[in-house]
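> coordinates for the following, if possible.
(chains A, B, C and D)
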Protein chains: 4
Amino acid sequence: MESQDHRYRLLIACPDRPGIIAAVSDLLYGRGANITSFDQYSEGPEGGYFFMRAEFEVPAGVEEEELAAALGALAPAYGMRWSLHAAARRQRLAVFVSREDHCLNELLWQTRRGEIAADVALVISNHPDAEEAVRAFGIPFYHIPVPPGGKARAEAQALELLEGRVDTIVLARYMQILSPDFVARFPARIINIHHSFLPAFVGPRPYQQAYERGVKLIGATAHYVTADLDAGPIIEQDVQRVDHRHRLADFRRIGRHIERMVLARAVAWHVEDRVLVHDNRTVVFPR
Amino acid sequence: MESQDHRYRLLIACPDRPGIIAAVSDLLYGRGANITSFDQYSEGPEGGYFFMRAEFEVPAGVEEEELAAALGALAPAYGMRWSLHAAARRQRLAVFVSREDHCLNELLWQTRRGEIAADVALVISNHPDAEEAVRAFGIPFYHIPVPPGGKARAEAQALELLEGRVDTIVLARYMQILSPDFVARFPARIINIHHSFLPAFVGPRPYQQAYERGVKLIGATAHYVTADLDAGPIIEQDVQRVDHRHRLADFRRIGRHIERMVLARAVAWHVEDRVLVHDNRTVVFPR
Amino acid sequence: MESQDHRYRLLIACPDRPGIIAAVSDLLYGRGANITSFDQYSEGPEGGYFFMRAEFEVPAGVEEEELAAALGALAPAYGMRWSLHAAARRQRLAVFVSREDHCLNELLWQTRRGEIAADVALVISNHPDAEEAVRAFGIPFYHIPVPPGGKARAEAQALELLEGRVDTIVLARYMQILSPDFVARFPARIINIHHSFLPAFVGPRPYQQAYERGVKLIGATAHYVTADLDAGPIIEQDVQRVDHRHRLADFRRIGRHIERMVLARAVAWHVEDRVLVHDNRTVVFPR
Amino acid sequence: MESQDHRYRLLIACPDRPGIIAAVSDLLYGRGANITSFDQYSEGPEGGYFFMRAEFEVPAGVEEEELAAALGALAPAYGMRWSLHAAARRQRLAVFVSREDHCLNELLWQTRRGEIAADVALVISNHPDAEEAVRAFGIPFYHIPVPPGGKARAEAQALELLEGRVDTIVLARYMQILSPDFVARFPARIINIHHSFLPAFVGPRPYQQAYERGVKLIGATAHYVTADLDAGPIIEQDVQRVDHRHRLADFRRIGRHIERMVLARAVAWHVEDRVLVHDNRTVVFPR
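Model (predicted):
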């Protein structure tokens, strides 16, 4: 494996207009950067938005601060939102889970194996069930119950644990609804898995709803959490075929597989800085 | 191709209980039938329903009336709904269409080629656009406009044309809402294609809705039409992946392909008597 | 969960002819059996084969031996191959693995969770790497190296461990070729995962081959092992889309996900007695 | 619809090195071009190749010849292969077909509807069957039989018809093998649909082979034709699930749907200049 010390990922979003790519390439090449991956997408030159992602390597001696300063100087002329990420700095995840542990296990396994380029820093659950499995991975587990009326207190406890330790929160079948205040602290940094093909079957018991409606495909949706429940920007979705032979328990079983795959893909893309949010939609630069 | 003269398809639905299969096999074997295909599904013996479909051939001399009489005599003991279809009697379809002709063309082409084992008896449209294409297939085309306030009259005209000439109506992107009265005349005999993955995006402009929601898959749904708009029993659904690069026009283009495939599959299954409706869900015995 | 004490699964394969279903139903109903699931498939009455699978429950007092005796008495008249499985008797698996542990982990996880209705009795590997992970599940791990020229000795060691302890062997990315003698001892009882969409890319390094050929989909195949390498009856296959952006390492990464899903499905079906082999093809009665 | 008069598509392939994007953007912006779509892909900066595709609009007064001259001047410094296509100049297709007409019909229908941005200039068949259907589209049909020993003569006849009238040849289930000489005249300009998931089942009767092998998915492959039969660069592939219930005729029926979709996609991409060939693989810039 090559060293990641001088590798960066750059994300940019701004109104499209001529010259953006040239300006950014000039900035990078002027510092001797080697662009190893470059993706962009434009909604079109008339009133549309432009999005880009680059991976590049700079020579020893070019510092992150200097790159950031140059980008900061370039940005206003183009109205750019931008972010620069050192590839060597892996994201730290907090995984929130309730009783169903299939998504949690997939995340533990994929992060350990390196399929997801991030570390699980801690796991928080309103149930004690997953403790042993989490500790077997050498990861701290915190049981924070959420009794009726105790949401504020539970969230305060969680916030204390998260403070400065975590980049992204993953709700891996966490069956509590987070308060708008909590959500507002982590914009586009909380990923949830909803166990339906959104926007079909919002709200509770989506498999029950799907079964009763007699659908022929069931799905799962990974999305960023916003104050508006189940309505945040969708990162990834997938479905699988069901038929009349499948009962509710089968829907749940089949759904578990879709859920863990969809969530794992969404998290893998997020931590590699492949996802940009614009206008409640996502631009995903594929792996 | 073997003769279809003595081939039948039998569909049965009834509360499950021991002995149904044995009773039906006895009835058929007692008349020298050769069962060439047999499918059944049970929801379970305790309070569940039982569904079956058989294809069989009887010796010359065994008449449809006699088979029907025997089934009619057996049915009450089991609370059976049943239907018997001579394979030689192809269904006659009426296709209703508005301006978008991709579903219509798929049906014309697949019925002519024999991919769908039915004949298009006539095409009705509230626009004149498709006339030439339909007549090129040697099929009668009727232009029945539906001006504001003219639905009742238009439906009356259509009913007159359909009377005795048609087994099933296919709404192949027909953008008018049929009246409950009209719908009630054709229970489980009107098939509609909805251009979304129902129940997501009910109502008008589903691709626009899907685009705005930022979904990562778009779909189409073929369903029987009931008085409750977009809520009838689903026969078939499918989806295709979209991403941020796809604009609304791309959603529509991709959607057209899903629509015609999904509708064609649903119609093919329906005319081969593979679909049973129970409890607003369908049992589909696959091809 | 209901008791499984009096539940059985029955598999039958025989030349098709009238009366099979009736004969088997009579046998079961005569003993008071409650058939909870019944699937059959016929290749057609003229020279074709008939396959069936039933799940049923018998009243207390009806013993397995008596059922088996009755089936044994019925079978010759129809030329039936049959097998009867008590649902309460879970299959015991031996998992063989080399260095790549993703399939092994999926099997450990799904068997523990009950997604696969079987127990992993032991794990055998020609490398020591997986020992810790396996022991964490409380499952015995045996390191049996296979040095050049040492295959016979290694297989003898394995056979001793397997003797009487195991129903099915799963090759979960086991990179050694088993001898024909070894394979012959476990007909339709060794399941392998091949990391390509067979019969494309038989032999070693299938992802390398696929990459060089420039395919647009890569796949994996779970099959029963026969003496003829990579040519045994296929149980399950699946694919995923790749494109020009994917390098060999991406093929491998994407492939790992397909492999573990395909292998897990094949094993789940096998241990629920859903797979029949006939003529180097499988009949799979779906879940 | 906006005018296409001043719209162009540019394709470039060259060894990757810093500055390519900047050089090309400079060239285009220097002429007042509005880049409406831009895609590129690099295999990596060390010894890898770089591929790009741009759609852009130039102001009235900027001529194609001038753009071409500028590109021609830039190319040698970078070792570029490049091509420039005026969007207003639709490709003209020759479709070759034998008896099976499903792919032909799909192409006729999609080109007429504008789903494929090209015109079918003529259809050539070694059978007369499709004549009427083709003429109904107002397209010339030529029946060129290929009797044993008559390939050279038939190809000479075809060449005469194609001369100067056609950009791309589509083999839409044309069951004759073209001579290496013929193929050599149209490098990356003949597209074939092979009715299997290549490289599985090369050669004749792929569905028969697939059926006998007992695969669980069947597929189709669209590829450029090279002298090496079934081994040319793959443009697109897709598969669909089959199971034990499907007989050979079902494989063929299901296959026909995959074939026409895969071929139509490949042709649509090709005529929009989205496909680059490098090293017997394709880079496809998606729609």
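> what packs against the helix or strand harbouring residue A:142?
Under the criterion of DSSP states H and E, residue A:142 resides in strand A:141-143. With contacts taken as 3 or more CB pairs under 8 Å, 6 or more residues apart in numbering or on different chains; DSSP states H and E, strand A:141-143 sits against strand A:118-125, helix A:131-135, helix A:151-162. Quick note: C-beta positions are derived from backbone N, CA and C, even for glycine.
> how about those in TSV, adding distance to chain C, mean neighbour count and mean pLDDT?
Shown next, in TSV, are the helices and strands packed on strand A:141-143 (distance: least, CB to the nearest CB, whole Å; neighbours: other CB atoms under 10 Å in any protein chain shown; pLDDT from 0 to 100):
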stretch	distance to chain C	mean neighbour count	mean pLDDT
strand A:118-125	15	21	98
helix A:131-135	10	15	94
helix A:151-162	26	15	97
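> chain B is nearest to which of these?
With CB to the nearest CB as the criterion, chain B lies closest to strand A:118-125 of these, at 21.5 Å.
> the closest one pairs with which strands?
Take DSSP bridges as the rule and strand A:118-125 pairs in its sheet with strand A:91-97 (parallel), strand A:141-143 (parallel).
> to the chain's geometric centre, what's the distance from the shortest one?
Read that as strand A:141-143. Centroid separation for strand A:141-143 versus its chain: 22 Å, with CA atoms, centre = their mean, to the nearest Å.
> and for the longest one?
Computed by CA atoms, centre = their mean, the chain-centroid distance of strand A:91-97 equals 10 Å.
> average pLDDT for that strand?
Strand A:91-97 shows a mean pLDDT of 98 in the predicted model.
> swap in stretch A:167-183?
In this model, stretch A:167-183 has a mean pLDDT of 97.
> need the three-state assignment for residue A:260.
Secondary structure, DSSP: H, G, I helix; E, B strand; the rest coil: residue A:260 is helix.
> that one contacts residue A:103, correct?
Yes - counting by CB atoms under 8 Å, residue A:260 does reach residue A:103; the two are 5.0 Å apart.
> which of those two has more residues huddled nearby?
residue A:103 (27 against 22; other CB atoms under 10 Å in any protein chain shown).
> let me see the contact set for that one.
A:97, A:172-173, A:193, A:259-260, A:263-264 (CB atoms under 8 Å, 6 or more residues apart in numbering or on different chains).
> and what of residue A:26?
Contacts for residue A:26 (CB under 8 Å, 6+ apart) come out as residue D:22.
> for it, give its distance to residue A:86.
Residue A:26 is 22 Å from residue A:86, where distance means CB to CB, to the nearest Å.
> quick check: the residue of the stretch 51-200 of chain A nearest chain D.
At 8.6 Å from chain D, residue A:57 is the closest residue in the stretch 51-200 of chain A, using CB to the nearest CB.
> identify the residue spatially nearest to that residue, adjacent ones excluded.
Leaving out its chain neighbours, the residue that sits closest to residue A:57 by CB to CB, 6 or more residues apart in numbering or on different chains is residue A:34, at 4.6 Å.
> strands along chain A, start to end?
Per DSSP state E, chain A carries strands over the ranges A:7-15, A:34-42, A:49-57, A:81-86, A:91-97, A:118-125, A:141-143, A:168-171, A:190-194, A:217-224, A:234-241, A:275-278, A:281-284.
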